[in-house]
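Undergrad: sequence first, predicted model second:
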There are 2 protein chains.
Amino acid sequence: MESVREQLQIFTRRFGLLNASCCDECCGEQVSMAQSYILFEVRRSESPSMQQVAEELGMDVTTFSRQAKGLEARGLVSRRVSADDRRVMFLGLTDDGRKVLEKIDGYMAARLEEVFGRMSSFERETVVRSLGLLNEALIEASQGTANQKGTIACCK
Amino acid sequence: MESVREQLQIFTRRFGLLNASCCDECCGEQVSMAQSYILFEVRRSESPSMQQVAEELGMDVTTFSRQAKGLEARGLVSRRVSADDRRVMFLGLTDDGRKVLEKIDGYMAARLEEVFGRMSSFERETVVRSLGLLNEALIEASQGTANQKGTIACCK
DNA sequence: GTTTATATTTGCATTTTGCAACTATTTTTA
DNA sequence: TAAAAATAGTTGCAAAATGCAAATATAAAC
């Protein structure tokens, strides 16, 4: 199991670097890694609240608050107060935000093409399926043990 | 291909959170994420130089220099000047450093057990093999295109 | 033997971070 | 229903992390 840990560790670190390089190559210093995570997550959820995103990203709410404000100031993210509960704010992407994210997507897609292009189609399928398995198992592990504290807490 | 990107993005983010939680649960605020990366990488390479580690981690050398100094001050990392070239410093783990890293390993292993325990042995094997494929492809992609700048730069 | 290149460190200014405390709103409860 | 407790979000502040430019020390090149 230790080698798995090593593989995971190395892979995620390298993927992170890839990601970071895409962030600044595509949008000229405009978007930090954390910010791209936020944009990504806002798009993925349907108009999530501040809390929701902060929690999903494992980011302190206060830090998140500032980041969100920054993204709003740059016109990449919109915020509106919930009608049901005026304490909560829903986040959304502006057109510009969507555009920036699509640029990052483009860069990432190109890099991933280089990576996956080195695999056979069988290997590619295996890898894709594995990622799905990993994500599911991670979610299950974090939900299934929600009552026993101290265990996995990484998603949702 | 876009869904792959999404899977990768989400997985690496979550794995990062898992990792972070292990860092501070195990060693009481002592070790930051970046520092655990450094310890991990120093162990993995055989007495690497400062440059080597900094580059592998995609960290600015100056930032790295300070982090390394911090780890040395805490007695987790040792540094010795190379005999061949007195400009370079080789890094190594102290016994304490090794111990801290092993503690993190232990936490991670337990969490990963929870995750992988939810898979069949066939699934597990598939996942492990996939991670190997991914890492190899990533290295190849970053080396194979070393001459064409602007492409993947994440490893070694 | 002087110039150039390399490995590492420091100065400094900027940014990021997280805790504690605050505001505004909702929910609980007595 | 009025007061207390809980929740979502924001700000103050101090600590940490970051990165560029410049410095040091050593090695390689010419």
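TA: Happy to help now that I have it.
Undergrad: with adjacent residues omitted, what lies nearest to A:Ser32?
TA: Closest residue in space to A:Ser32, ignoring its immediate chain neighbours: A:Cys23 at 6.8 Å, by CB to CB, 6 or more residues apart in numbering or on different chains. C-beta here means a position set from N, CA and C on the backbone, and glycine is covered the same way.
Undergrad: ignore what I typed, I meant A:Arg118.
TA: B:Ala137 (4.6 Å).
Undergrad: same for the strand or helix carrying the residue nearest to A:Ser32, what does it pack against?
TA: Under the criterion of DSSP states H and E, A:Cys23 resides in helix A:2-27. Other helices and strands packing on helix A:2-27, by 3 or more CB pairs under 8 Å, 6 or more residues apart in numbering or on different chains; DSSP states H and E, are helix A:33-44, helix A:95-116, helix B:2-27, helix B:33-44, helix B:95-116, helix B:121-144.
Undergrad: residue nearest the middle of chain A, spatially speaking?
TA: Nearest residue to the geometric centre of chain A (CA atoms, centre = their mean): A:Tyr37, 4.1 Å.
Undergrad: my read: that one touches A:Leu57, true?
TA: Yes - A:Tyr37 is in contact with A:Leu57 according to CB atoms under 8 Å; the separation is 5.7 Å.
Undergrad: identify the contacts common to these two.
TA: B:Arg13 (CB atoms under 8 Å, 6 or more residues apart in numbering or on different chains).
Undergrad: any residue of stretch A:50-61 touching DNA strand D?
TA: Yes - with CB under 7 Å from any atom of the strand as the criterion, DNA strand D is reached by stretch A:50-61 at A:50-51, A:54, A:61.
Undergrad: out of those, which are buried?
TA: Taking 16 or more other CB atoms under 10 Å in any protein chain shown as the criterion, what is buried in the residues of stretch A:50-61 next to DNA strand D is A:50, A:54.
Undergrad: can the residues of stretch A:50-61 next to DNA strand D go into JSON lines with extra columns for distance to B:Val4 and pLDDT?
TA: Below are the residues of stretch A:50-61 next to DNA strand D laid out as JSON lines (distance: CB to CB, whole Å; pLDDT from 0 to 100):
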{"residue": "A:Met50", "distance to B:Val4": "29", "pLDDT": "97"}
{"residue": "A:Gln51", "distance to B:Val4": "29", "pLDDT": "97"}
{"residue": "A:Ala54", "distance to B:Val4": "26", "pLDDT": "97"}
{"residue": "A:Val61", "distance to B:Val4": "31", "pLDDT": "97"}
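Undergrad: adding secondary structure, write the residues of stretch A:50-61 next to DNA strand D out as TSV.
TA: TSV is the format used below for the residues of stretch A:50-61 next to DNA strand D (DSSP: H, G, I helix; E, B strand; the rest coil):
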residue	secondary structure
A:Met50	helix
A:Gln51	helix
A:Ala54	helix
A:Val61	helix
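Undergrad: so which of the residues of stretch A:50-61 next to DNA strand D is the closest to DNA strand C?
TA: Nearest to DNA strand C among the residues of stretch A:50-61 next to DNA strand D is A:Val61, at 7.9 Å by CB to the nearest atom of the strand.
Undergrad: let me see the contact set for that closest one.
TA: The contact partners of A:Val61, taken as CB under 8 Å, 6+ apart, are A:50-51, A:54.
Undergrad: A:Glu140 now?
TA: A:Glu140 touches B:Arg118, counting by CB under 8 Å, 6+ apart.
Undergrad: on the pLDDT front, check it for me.
TA: A:Glu140 carries a pLDDT value of 86.
Undergrad: over to A:Ser21?
TA: Note on A:Ser21: pLDDT of 88.
Undergrad: what's the answer for the one 10 residues further on, then?
TA: Predicted confidence (pLDDT) for A:Val31: 90.
Undergrad: skipping adjacent residues, who's closest to it in space?
TA: Nearest residue to A:Val31 in three dimensions, chain neighbours excluded: A:Cys23, at 5.1 Å (CB to CB, 6+ apart).
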